[in-house]
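1. Sequence plus predicted model, see below.
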Amino acid sequence: MIYFIEQCLNGLQLGMMLFLLAAGLTLIFGIMDLVNLAHGSLYMVGAYFAATFVAWTDNFLFGAALALAATLLVGMAVEVVAMRRLYGRDHLDHVLGTFGLILFFNELVRLLWGPAGMTLSLPAWLNVAVPLLPDLYYPLYRIVIIAATVMVALFLYGLVMRTRLGMLIRAGASNREMVGALGINITLLYTLVFGLGAALAGLAGLMQAPILTVQIGMGENILIVAFVVIVIGGIGSIRGAFVASLFVGMVDTIGRAFFPDLLRLVLARDAAATAAPAMSSMLIYVLMAAVLVLRPEGLFPVSNR
Amino acid sequence: MIAALNARNLLISALLTFLVLLPVYANLSGNYFLLTLFTRILILALAATSLNLILGYGGMVSFGHAAYLGIGGYAIGILASEGVTSGFVQWPVALAVSALAALVIGLLCLRTRGVYFIMITLAFAQMIYYLGAGLARYGGDDGLTIQRRSQFGSWLNLSNKTVFYYVCLALLLATIYFVWRLVNSRFGMVIQGARSNERRMRSIGFPTVRYRLTCFVIAGTLCGLSGALLANHTDFVSPAMMYWTRSGDLIVMVVLGGMASSFGPLIGAVALLVLEEALSGITEYWQIILGPLLLLVVLFARRGIDGLLDAAAFPRVSPTKPLEAKVGRG
């Protein structure tokens, strides 16, 4: 039972991480109609920045804040140099152009930081386990991640639904020309939105950095899972992204933890041991297929498009 | 009409002449490096040609086409490791399994449109990648070495580099011819019509989903053939064959060469892989050049090399683009 709760918390934490990535992707797609494969590169860049700045400043929070700001700037620079020219093109162009960007970023990181990965160690005050229940000790850092992401989700909700900027973002999503005609600087707005998405990806990367190794290509696998999330949630919907992130995070983690045992009930022991790893990593894709059969537009289809 | 003596036809004739004569050069000079490189290029050009069928002519942007490369390859690898080395068994099985996979994936993916389709094909390819990595019995992540190439009796020895090269070339040319015949048939017209305006095709009375699915399965099967060749070429299969960047490479080849043109994928494959080879000779960090180059192609040479050749052949044609399908809307 303790193990089950622990796995649920891990699933929650993975879901939160996916939400940070998926929110940026879905925001950028919903507003600029842009498929951004290079989103995972920004996640990677955020992690590398965090590892570097924390090592420089010797202060985890300060380094993380610097990394976040730096990723925001990189994101805005990418928008100004490249992405801006891709708006209004068809999706195949987005795929190709941002595929080129991935190659560029991976190689640039290799050039700057070298081919070996980096590690980012937690400060002592974060690197503890706290008792949640008697017998259940859970790493404080993972709880911090969950709490931080919930705060980010609330912030996003407030930003999009309650502020003037959010109003413009929503208006820009439903009718770009009209917003421009009303005298809003849509170019700047888009740069800001892209920067926001990049910062979310960077935040995910830097928070994940102490848990995983910081390495080249780290953003790509999780990006594909984030695609699964936004397809399930309905592309363009932040609410859908939130629900689907939790769903996918839970299914993936709990599936990996318990699926082998379940499989053992139906299959012979060694057959189960062979099939389990492959089958549990396929679970979320099966889930996605199931959602698509029932609702091809995702769970929360965006109607104003 | 007699084929005009324009830049495109000249390039294609020159390329084909080069491809046919390459083994002669290799055997005379003893330099087999080029032969190996071009065998690989021909195999991937076959995969790109199959992708062009759905992407270029059908408007279906599949970002998971490398999956069939892996499926075809693994069919050969698994059969070989289980002791079935006859090509007459291996190859039909490879094609059948690829076709079946394409049928299932297509059935699910074709329910969706546009950007959903891109992401879902990507996700399914990733799923098959994990499946390959999870096959502990067949090497898992590390892949599987193939001890003997497919056996076709005594008259066709695939272990001979020159013979294998010509087999690849013949299959590639046959595929290009087949795709050309297909897209100019009634079936191909329906597929192209559905790319331009699916709703209209449907209201004329064509069951477009069924046509698209058939097209998707044909493309998957042809790509499975390419996978079977690739497995025989490298004597090795691994999940890396179907990693998502490989799917990206195939899209790059198609777009670089020119979508919806018969020889475009071949030109694109030659251009991309030769460029990679050349750049990696210049610097270890060659992707830092290739990446932005792709972006520039997207921005300024949207119709690929084929389009540039058109522009060279008809310099006075107004710059308005020809009817170009809006891929993935609707």
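-> Sure thing, it's come through.
2. now the helices for the chain?
-> Unless you meant another one, I'm taking chain A. A:2-32, A:39-57, A:60-81, A:91-113, A:140-162, A:164-174, A:176-181, A:186-208, A:218-233, A:238-266, A:269-294 (DSSP state H).
3. was after chain B, sorry
-> Along chain B, the segments classed as helices by DSSP H run B:7-29, B:33-52, B:66-81, B:87-109, B:114-134, B:161-183, B:186-196, B:198-204, B:208-234, B:244-257, B:264-282, B:287-300, B:304-313.
4. Figure out how far the fifth one is from the centre of its chain.
-> From the chain centre to the centre of helix B:114-134 is a distance of 17 Å (CA atoms, centre = their mean, to the nearest Å).
5. CA atoms only for that helix, dumped as PDB, please.
-> Once non-C-alpha atoms are left out, helix B:114-134 reads as follows in PDB (Å, rounded to 0.1, in the frame of the first residue of the first chain):
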ATOM      1  CA  GLY B 114      -3.500  17.700 -39.800                       C
ATOM      2  CA  VAL B 115      -1.300  18.200 -36.800                       C
ATOM      3  CA  TYR B 116      -2.900  15.400 -34.900                       C
ATOM      4  CA  PHE B 117      -1.900  13.000 -37.800                       C
ATOM      5  CA  ILE B 118       1.700  14.200 -37.600                       C
ATOM      6  CA  MET B 119       1.900  13.700 -33.800                       C
ATOM      7  CA  ILE B 120       0.100  10.400 -33.800                       C
ATOM      8  CA  THR B 121       2.200   8.800 -36.500                       C
ATOM      9  CA  LEU B 122       5.200  10.000 -34.500                       C
ATOM     10  CA  ALA B 123       3.800   8.400 -31.400                       C
ATOM     11  CA  PHE B 124       3.100   5.100 -33.000                       C
ATOM     12  CA  ALA B 125       6.600   4.900 -34.500                       C
ATOM     13  CA  GLN B 126       8.000   5.700 -31.000                       C
ATOM     14  CA  MET B 127       5.800   2.900 -29.600                       C
ATOM     15  CA  ILE B 128       7.200   0.400 -32.100                       C
ATOM     16  CA  TYR B 129      10.700   1.700 -31.300                       C
ATOM     17  CA  TYR B 130      10.100   0.800 -27.600                       C
ATOM     18  CA  LEU B 131       8.700  -2.600 -28.700                       C
ATOM     19  CA  GLY B 132      12.000  -3.200 -30.600                       C
ATOM     20  CA  ALA B 133      14.000  -2.000 -27.600                       C
ATOM     21  CA  GLY B 134      12.000  -4.400 -25.300                       C
END
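6. quick one: that helix to helix B:66-81, angle?
-> Calculated by axes from the mean of the first three to the mean of the last three CA atoms, to 10 degrees, helix B:114-134 forms an angle of 20 degrees with helix B:66-81.
7. re the thing from before, B:Leu173: which of the helices of chain A is closest?
-> When those are compared by CB to CB, helix A:91-113 sits nearest B:Leu173, at 26.8 Å. All C-beta atoms are positioned from the backbone trio N, CA, C, and that covers glycine.
8. could you say what helices and strands that closest one packs with?
-> Secondary-structure packing of helix A:91-113 (3 or more CB pairs under 8 Å, 6 or more residues apart in numbering or on different chains; DSSP states H and E): helix A:39-57, helix B:114-134, helix B:244-257, helix B:287-300.
9. by how many degrees do it and helix B:244-257 diverge?
-> Using the same axes, to 10 degrees: helix A:91-113 against helix B:244-257 is 120 degrees.
10. in chain A, what spans have low per-residue confidence?
-> Across chain A, residues meeting the criterion (pLDDT under 70) sit at A:303-305.
11. residue contacts, the nearest residue to A:Val128 once chain neighbours are set aside?
-> Of all residues beyond its chain neighbours, the one nearest A:Val128 is A:Leu140 (5.1 Å), with distances taken as CB to CB, 6 or more residues apart in numbering or on different chains. Shown in contact with A:Leu140 (CB atoms under 8 Å, 6 or more residues apart in numbering or on different chains): A:Leu126, A:Asn127, A:Val128, A:Ala129, A:Val130.
12. likewise A:Ala38?
-> Per CB under 8 Å, 6+ apart, neighbours of A:Ala38: A:Val78, A:Thr98, A:Leu101, A:Ile102, A:Phe105.
13. what stretches of the stretch 201-330 of chain B score poorly on pLDDT?
-> Applying pLDDT under 70 to the stretch 201-330 of chain B picks out residues B:312-330.
14. Just want the residue of chain B that's nearest chain A.
-> Nearest residue of chain B to chain A (CB to the nearest CB) works out as B:Gly134 at 2.3 Å.
15. and the stretch 51-200 of chain A, which of its residues are near chain B?
-> A:82, A:85-86, A:89-93, A:95-97, A:99-108, A:110-111 (CB under 8 Å from any CB of the partner chain).
16. Could you check how many residues crowd around residue 80?
-> Went with chain A since none was named. The tally of other residues near A:Val80 (other CB atoms under 10 Å in any protein chain shown) stands at 15.
17. My question was about chain B, not that one.
-> B:Ala80 has 24 neighbouring residues, counting by other CB under 10 Å.
18. Hmm, B:Tyr138 and it touching each other?
-> No. Contact criterion CB atoms under 8 Å: B:Ala80 and B:Tyr138 do not qualify, at 10.3 Å.
19. Residue in the stretch 151-300 of chain A with the shortest distance to chain B?
-> A:Ala278 (2.3 Å).
20. In contact with the closest residue to that residue other than its chain neighbours, which residues?
-> Nearest non-adjacent residue to A:Ala278, counting by CB to CB, 6+ apart: B:Gly134, 2.3 Å away. Shown in contact with B:Gly134 (CB under 8 Å, 6+ apart): A:Ala275, A:Pro277, A:Ala278, A:Met279, A:Ser281, B:Gly140.
21. what do you get for B:Thr145?
-> Neighbouring residues of B:Thr145 by CB under 8 Å, 6+ apart: B:Gly139, B:Asp235, B:Phe236.
22. could you redo the last one with a cut-off of 6 Å?
-> By CB atoms under 6 Å, 6 or more residues apart in numbering or on different chains, B:Thr145 lies in contact with B:Phe236.
23. Okay, and the beta partners of it?
-> Applying DSSP bridges to B:Thr145 yields these beta-bridge partners: B:Phe236.
24. Can you point out the buried residues in stretch A:49-67?
-> For stretch A:49-67, the neighbour count (16 or more other CB atoms under 10 Å in any protein chain shown) marks A:Phe49, A:Ala50, A:Ala51, A:Thr52, A:Phe53, A:Val54, A:Phe60, A:Gly63, A:Ala64, A:Leu66, A:Ala67 as buried.
25. Next, give phi and psi for the residue in chain A sticking out farthest from the centre.
-> Here chain A reaches farthest from its C-alpha mean at A:Ala268, the gap being 37.6 Å by CA atoms, centre = their mean. The phi and psi values for A:Ala268, taken as degrees, to the nearest 10, are phi -70, psi 160.
26. Over to A:Leu120?
-> With angles defined as degrees, to the nearest 10, A:Leu120 sits at phi -130, psi 120.
27. Go ahead and confirm it touches A:Ala209.
-> Yes. In this structure, A:Leu120 is within contact of A:Ala209 by CB atoms under 6 Å, at 4.4 Å.
28. So if I had to pick from those two, which one is more boxed in?
-> Per other CB under 10 Å, whichever of A:Leu120 and A:Ala209 has more neighbours is A:Ala209, with 27 against 24.
29. re earlier: residues that sit against both of A:Leu120 and A:Ala209, list them.
-> Taking CB under 6 Å, 6+ apart as the contact rule, A:Leu120 and A:Ala209 both touch A:Ala50, A:Ala51.
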